[in-house]
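[1] Got a predicted structure plus its sequence, pasted below:
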Amino acid sequence: MLLVLEQVLNGLQLGVMLFLLAAGLTLVLGIMNLVNLAHGSLYMIGAFVAAGVIRLTDSFLLGLLAALPAAALVGMAVEVIALRRLYTRQHLDQVLATFGLILFFNELVRILWGPRALFMDVPHWLSGTVEIVPGAPYPAFRLAIIVVGGAVAGFLYWLVRRTRLGMLIRAGASNREMVGALGVDIKRLYTLVFGLGAMLAALAGVMAGPIYAVEVGMGEPVLIVAFVVVVIGGIGSVRGALVGALLVGLVDTLGRAFLPTLFRAFLAPDTADGLGAALASMAIYVLMAAVLAWRPRGLFPAHG
């Protein structure tokens, strides 16, 4: 039972990190109709900036405070210089252009920080464990990720539902031509949304740094899963991104933890481990197919 609780918490932690990445991705895709493959590069930039500042200052908080505005500025600059010309182009053009940005940012990071992976230590004030229930200690840093993700989800809910900017974001996701016709500066709105998405991606990168290696190309594998989250949740929906991310995190983590053990009940250990690992890696895509068969536009399409 304690093992199940630990794996559920691990799934929530993974889901929260995916939400931070997918929230900006779904806003950009829903409002701007832009397929941005370079979103994972902003996740990578956030992790590298934080790791570099932490090496200089030995302060995790300073690394975090440097990474968020740095990624936001990079994201807004990319939107103004490159992506703004792609909004009216076909999705294939957007895919090719943003794939080129991936290559550019990978080489830029390699030039600035070198080809070797960097490692971030868990901040000492979060290096211990928290006993969720008696006899079940859980790493404080992973628990902090869940808390931060919950706080960000609450902030985004307030932003999208209770502010003028959120009203414009929701309107832009539904009918951007009408929003422009009403006198709203669409270009500025797009730049702000892109900067917000970049900041969320950087936050995910900083949170991931102490758990995974900070390396060139780290954004590409997680971007694939983030797109799965966006499709499951519904394009343009922050609420859908949250629900989809938690579902994906739980299904992926629990599948990897328990499917091999389940198959060992009636198969040879080697066969069970191989089959369990294969099915666990497929589980999130099976989940996506099942959701799309039930709701072709995702769970919460384009309503924030």
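    It's in.

[2] what's stretch 129-138 in contact with?
    Residues outside stretch 129-138 that contact it (CB atoms under 8 Å, 6 or more residues apart in numbering): 2, 5, 6, 9, 139, 140, 143. Placement of C-beta: from N, CA and C, glycine included.

[3] quick one: which of the residues you listed has the most company?
    Neighbour counts for the contacts of stretch 129-138 peak at residue 139, which has 20 neighbours (criterion: other CB atoms under 10 Å).

[4] which SSE is residue 132 in?
    strand 129-133 (DSSP states H and E).

[5] With only the CA atoms kept, save that strand in CSV.
    Taking C-alpha atoms only, strand 129-133 is exported to CSV below (Å, rounded to 0.1, in the frame of the first residue of the first chain):
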residue,chain,number,x,y,z
THR,A,129,11.9,13.8,3.4
VAL,A,130,8.3,14.4,4.5
GLU,A,131,6.3,11.7,6.1
ILE,A,132,3.0,11.8,4.3
VAL,A,133,1.6,9.0,6.4
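
[6] buried stuff in the very next helix or strand once past it?
    Next helix or strand after strand 129-133 toward the C-terminus (DSSP H and E): strand 136-139. Buried residues in strand 136-139, defined by neighbour count with 16 or more other CB atoms under 10 Å: 138, 139.

[7] Using PDB, list the CA coordinates for strand 136-139.
    Provided in PDB are the C-alpha atoms of strand 136-139 (Å, rounded to 0.1, in the frame of the first residue of the first chain):
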ATOM      1  CA  ALA A 136       6.000   6.500   4.200                       C
ATOM      2  CA  PRO A 137       8.700   9.200   3.800                       C
ATOM      3  CA  TYR A 138       8.600  11.100   0.500                       C
ATOM      4  CA  PRO A 139      11.300  13.400  -0.900                       C
END
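
[8] Rounded mean pLDDT for that strand, please.
    For strand 136-139, mean pLDDT is 84.

[9] follow-up on the earlier one: now secondary structure too, for the contacts of stretch 129-138, in TSV please.
    Formatted as TSV, the contacts of stretch 129-138 follow (DSSP: H, G, I helix; E, B strand; the rest coil):
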residue	secondary structure
2	helix
5	helix
6	helix
9	helix
139	strand
140	helix
143	helix
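
[10] Now do the same contact list for residue 226.
    Contact analysis of residue 226 by CB under 8 Å, 6+ apart lists 18, 21, 22, 25, 39, 40.

[11] right, and the helix or strand after the helix or strand containing it?
    Element membership for residue 226, per DSSP H and E: helix 219-233. As assigned by DSSP H and E, the chain's next helix or strand after helix 219-233 is helix 238-263.
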